[in-house]
Each structure stands twice: as structure tokens, then as C-alpha cells.
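# would you be able to build a 3D model of this:
(one chain, ligands or ions: 1)
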Amino acid sequence: TVLVVDFGAQYAQLIARRVREARVYSEIVPSTMPVAEMLAKNPAAIILSGGPSSVYAEGAPSLDRALFDAGVPVFGMCYGFQLMATALGGTVDDNGAREYGRTPLTVSKADSTLFEGTPAEQPVWMSHGDACSAAPEGFTVTASTDVVPVAAFENDEKKLYGVQYHPEVMHSTHGQQVLEHFLYRGAGLKPDWTTGNVIEEQVAAIRAQVGDKRAICGLSGGVDSAVAAALVQKAIGSQLTCVYVDHGLMRKGETEQVEKDFVAATGANLKVVDASERFLKALAGVSDPETKRKIIGREFIRVFEQAQLEILQEDGPEVAFLVQGTLYPDVVESGGGTGTANIKSHHNVGGLPDDIEFELVEPLRQLFKDEVRAVGAELGLPDEIVQRQPFPGPGLGIRIVGEVTKDRLDLLREADAIAREELTAAGLDRDIWQCPVVLLAGVRSVGVQGDGRTYGHPIVLRPVSSEDAMTADWTRMPYETLAKISTRITNEVADVNRVVLDVTSKPPGTIEWE
Ligand code: XMP
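Here you go, the predicted model:
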């Protein structure tokens, strides 16, 4: 394992991903973790991330220099580089030598461990206030910039390396190569971590955890729960039961994907609960978005708990485990930790016995989203599931502005299916984060079709580009594709006579309309 010590900037996750892209397993630890605890993890190498602070700022995170004496290869980046420099006796000046953004780096030792085979001048991404003016004793300076005399230093004997810039970001064009040089040449690691290893390891771990008891898993139709379920299914087979609640608010073909494709690919026991009538009834007459969300959430829990209860009452070993598709970013953001939490299932509404407690099985806790997709593909799940774009839990219920009715759902499902088909045909699936298709049920406008006047509803297309859905921009997609979607929707979907494009970023608009 390579430990990435997080000094509080947003870069640690990116570094961890880059290390894994180099096929070396990595984990993030907080900089507040005592060095002895880090070393107890027996790391093959340690990377010190960038951070927001100056090493001279009050309360700036520090590092016990014992870390550098442990014989473990260390690579410091940006703030981590400066910490390394000061801890080992180099000089970092608080002299306002700032650099932000793309900066040309001059490599002064072409055959160094970090830079061999990379250009003598290369663009790197800088973001710092202080600058290192003298490397610690025993270190060779291997790169500089116009502003910073020591932009990289290396000590092959002690296997300690550092760079002032951010090799993990895309703008540092040779950053990945430099990182790989540290991992392979500096630390002597081999690129042998693959999704195949992940599956093997997890299958063994799940078998050990679950034993001969039973587990249940809620499938939402999304990537994470599907891959988690497939992994657990591979480990414990028929001891797993999956529950899929069809709330009738899914898009065209999605329920079938779970019912047929997921089962075909995994052989899992699947309990499908068709609750669409129940949801429609509960949503009748409601058009306020928050109320709709609350109703959908409440009904979902009730139906899911009822299904759980039925499984608990079946003959067979104790049902002691609940499978969840928690990903590594969630784990890191909620404070890390490797323990498995016990959760008490909501028992206030569905009539579950008071003392029911499930232990969680979370086989994706170590993985980033793209790795989850790779594991899913390797497990044989179809692309339609593995490459699925995000879709909100309340489904089409929050893409009908106005009351949700069966007719409106059917209409929106048709329009959405056309938009998805054309986006896929145009090869835009990977460029677009997601494209909500929204029905403005309370709005009508005048149109003309054939020889007659129409008075129909508008459909809104909301294609967005994003990295994490926290912010988003509307996607500048080709007019031809927009034209095709518009023509097809107005021709093929009865009662729709207008298609409009949402050109609002987030903020101020959210991605969904409700
Ligand atoms: P907004 O609309 O807030 O959405 O910009 C951000 C991302 O979250 C999705 N979303 C949801 N996902 N349950 C979910 O599981 C929800 O209630 C929900 N609301 C929004 C949305 O599709 C987008 O990806």
C-alpha cells in the first residue's frame, strides 16, 4: 500500500487515483495520524499531498520527522515538499515568491530518478506562496523555475523525493510519468494492482464476513448498488437476496435492465416489488417538489421494509447483513476509518421488529467510481448498467413539473427514451454528465402540426457537464443532435409540440428542475 497523507487540500483524492492508475494500491490517511500509526500500516511508500497553508502559517499542519528516518520511500508534493525541506534542514523562504497556475519547469538533471525520459522544459501546475531556496543536505536539486531555485530535489540513497508543483493535475503534462518514476524507480514498486485483484480479495473478505448467514441488498438501478450486489453474489451466491422496488418512476427500460440483464449477468435472487400503483396514489394531487420528494422517500422505505420483513420470515439462516454500495470518496469525506459500522434499519414505519440490526457489507469502500465501473464490467454486468449516468432516487417524479400522473409519466418516458437514444447515437454519453428531460405539465403553448392547431406541453432538455454534480455547466452540444431530438420528440410523442434547451449553469440553477 502507498499511503497518501492528506494535508487538507482537495488534491489527496486525485493523488490516490493517480497512484491507482499506475496500478499501485493507495489509501488516504489524515495528516493528524501519528507517524507510528502510519508506519504500522507497513506502507511501501508514502506521498505527502499539497495543502492550503504556508509552512510558516500559525497552526499549519506539521509532520514528525521520524517519518523520514523510517526507511520508507517518501514523495512530497507542494506543501508536502516544503514540509520535507524544512524538516530535513533545507531552506524555505517566506519571501512572497508566488507562482500560481501553469509554469515552465526546467529540469537540470536529465537522468534523475524522477525526470528521466521527460523533456528538459515541461509545463507544471504551481500553487504556492513560499519557495525553497536550498535543498537539505544530501539532496540533489533536479529542477527549477524562473521564480523557484529548488523546484524538485531527490535523494536516491534515502529514497526521499519532492517537487514543488502538483504532478497529479492534468496541466502538469508529465506529472503521471514523474509519479510513476517515483513509484517504480524510487520505491521499487510493481504495477500489479488490478480490478481482478480487487474482486478476488473482496470475494474472500465477504465470505469471511458473512459466513453461512444471509444478506440482503437494495438495488436502485444505479451503478454502485448493482456492482456491490454482483460482487456479493459472486462471493455468497444464493445467501444473497436483492430487493428492487419499482416505484413506477423509472425511465423506459430501466426496470427491465434490473429484472433481466442484472439477473442474467449475476444469477442473483431478485425480489421485485411492483409498487407503482401505491406511489401514484400517494402522489395524487401533489405538485410541490419537496412534498413529492418526501412522499417518494417515505413510501420507498415502507415498501423496502415490507420486503425485508418477508425475507426475514422465509426459512433459512439468519439474515444478518445489509449490502451497501458505499464508495471511497464517501468514506474519506466522512472521516475515513476502516471499521464496519452497525446500522439500525429504520423500524418506525414498516413494522420491523425493534431489535433488528444488520451489519453492513460494503465491498466498494476502497474504490473510486471509475474503478467500480471497471469491476462491474469485469463481473460481466452490461454497459447499460455499468456506464449509467446518475439518476435521482425520486426518478421521473421530480422531472414532471406539476402533478405526477400515469399518462404524464408515460409521455415523459417516451421523450426521455428518444433523447437518450440520440445522445448515445451521437457518441455523447461520455461527454455529458447527465441530461434530465423535463415535462412542464402545467404549461401549454400553441403550435401547428399538419394542418391543425395544437395546444401541447413543452419538454425541456437539460444536458450538463460536471465533475461531481456540485457545480455544472450546460453542455454545448451539437445543433444537429439537438435538432434531431427535437424533431423526433415533437413527431413521436403525442401532446408535446415544443422542445426547449436549458442553458443555465449550476449555480444558479440546480441540475434537476425540482
Ligand atoms: P441537483 O438537482 O441538486 O442535483 O443539482 C445534483 C445531483 O444529484 C441528483 N439528485 C438526486 N439523487 N436523490 C438522488 O439519489 C435525490 O433526491 C436527488 N436529487 C438530485 C441529480 O440528478 C444530480 O446528479
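# now do the contacts for the nearest residue to residue 477 once chain neighbours are set aside.
Nearest residue to residue 477 in three dimensions, chain neighbours excluded: residue 463, at 5.6 Å (CB to CB, 6 or more residues apart in numbering). The C-beta positions use only the backbone N, C-alpha and C, and glycine is treated the same way. Contacts for residue 463 (CB atoms under 8 Å, 6 or more residues apart in numbering) come out as 423, 428, 432, 434-435, 474-475, 477, 501.
# and the residue nearest to the spatial centre of the chain, backbone torsions?
Geometric centre of the chain, nearest residue: residue 369, 4.0 Å, by CA atoms, centre = their mean. Dihedral pair for residue 369: phi -50, psi -50, per degrees, to the nearest 10.
# residue 329 versus that one, what's the distance?
Distance check for residue 369 against residue 329: by CB to CB, to the nearest Å, it reads 8 Å.
# can you check residue 58 too?
Applying CB to CB to residue 58 and residue 329 gives a distance of 30 Å.
# more neighbours: which of these two?
Shown here are residue 58 and residue 329; by other CB atoms under 10 Å, residue 329 has more neighbours (16 against 6).
# element containing the more buried one, please.
Under the criterion of DSSP states H and E, residue 329 resides in helix 328-333.
# and the contacts of that helix?
Residues external to helix 328-333 that are found in contact with it (CB under 8 Å, 6+ apart): 6, 12-13, 16, 28, 337, 364-369.
# could you redo the last one with a cut-off of 6 Å?
Where contact means CB atoms under 6 Å, 6 or more residues apart in numbering, the residues beyond helix 328-333 that reach it are 28, 365-368.
# most neighbours, which of those?
For the contacts of helix 328-333, the largest neighbour count, defined by other CB under 10 Å, is 25 neighbours, found at residue 367.
# switch the contacts of helix 328-333 over to JSON lines; also include secondary structure.
Formatted as JSON lines, those follow (DSSP: H, G, I helix; E, B strand; the rest coil):
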{"residue": "28", "secondary structure": "strand"}
{"residue": "365", "secondary structure": "coil"}
{"residue": "366", "secondary structure": "coil"}
{"residue": "367", "secondary structure": "coil"}
{"residue": "368", "secondary structure": "coil"}
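# can you lay out the residues you listed as TSV showing pLDDT and distance to residue 81?
Shown next, in TSV, are the contacts of helix 328-333 (pLDDT from 0 to 100; distance: CB to CB, whole Å):
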residue	pLDDT	distance to residue 81
28	92	18
365	91	30
366	87	27
367	92	29
368	88	25
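# would you map the helices across the stretch 401-514 of the chain?
If you assign secondary structure with DSSP state H, counting those that start in this stretch, the helices in the stretch 401-514 of the chain sit at 406-425, 479-492.
# whoops, the stretch 101-250 of the chain was the one
In the stretch 101-250 of the chain, the helices defined using DSSP H, counting those that start in this stretch lie at 175-180, 195-210, 223-236.
# deepest in the core, which of those helices is it.
Mean neighbour count (mean count of other CB atoms under 10 Å) peaks for helix 223-236 among the helices of the stretch 101-250 of the chain, with a mean of 25.
# near the ligand, which residues of the stretch 301-450 of the chain?
Within reach of the ligand by CB under 6 Å from any ligand atom, the stretch 301-450 of the chain has these residues: 390, 392-394, 434.
# what about burial for the residues you listed, which qualify?
The neighbour-count criterion (16 or more other CB atoms under 10 Å) marks 392, 394, 434 among those as buried.
# what's the weakest-modelled helix or strand in this structure?
The helix or strand with the lowest mean pLDDT-type score in the chain, counting by mean pLDDT, DSSP states H and E, is strand 342-344 (a mean of 43).
# residues of the chain that sit close to the ligand?
Taking CB under 6 Å from any ligand atom as the criterion, the chain approaches the ligand at residues 293, 390, 392-394, 434, 469, 506, 510-512.
# circling back: excluding residues flanking it in the chain, which one is nearest the residue nearest to the centre of the chain?
Closest to residue 369 by CB to CB, 6+ apart is residue 327, at 6.3 Å.
# how close does the one you found get to the ligand?
In this structure, residue 327 and the ligand are 14 Å apart, going by CB to the nearest ligand atom, to the nearest Å.
# local confidence estimate at that residue?
Predicted confidence (pLDDT) for residue 327: 91.
# where is pLDDT lowest across the residues of the chain next to the ligand?
Minimum pLDDT across those is recorded for residue 469, with 85.
# burial of that residue, as a residue count?
Other residues within reach of residue 469, judged by other CB under 10 Å, total 14.
# list the contacts for it?
Contact analysis of residue 469 by CB under 6 Å, 6+ apart lists nothing.
# apply 7 Å and report the result again.
Remark: with contacts taken as CB atoms under 7 Å, 6 or more residues apart in numbering, residue 469 is in contact with 390, 433, 511.
# also residue 483?
With contacts taken as CB under 7 Å, 6+ apart, residue 483 has no neighbouring residues.
# that one and residue 320, how far apart?
With distances taken as CB to CB, residue 483 is found 55 Å from residue 320.
# what do you get for residue 489?
As for residue 489, its distance to residue 320 is 49 Å (criterion: CB to CB).
# and what of residue 275?
Computed as CB to CB, the residue 275 to residue 320 distance reads 26 Å.
# who has more neighbours, those two?
Using other CB under 10 Å, the more surrounded residue of residue 275 and residue 320 is residue 275, with 21 against 17.
# quick one: that one and residue 246 touch, right?
Yes - the pair residue 275 / residue 246 is scored as a contact, 6.3 Å apart, by CB atoms under 7 Å.
# from the ligand, how far off is residue 412?
Between residue 412 and the ligand the computed distance is 15 Å (CB to the nearest ligand atom).
# let me see the contact set for that residue.
Contacts of residue 412 by CB under 7 Å, 6+ apart are 396, 399-400, 437, 439.
# ok, so of the residues you listed, who is nearest the ligand?
Top of the list for closeness to the ligand, among the contacts of residue 412 and by CB to the nearest ligand atom, is residue 399 at 9.3 Å.
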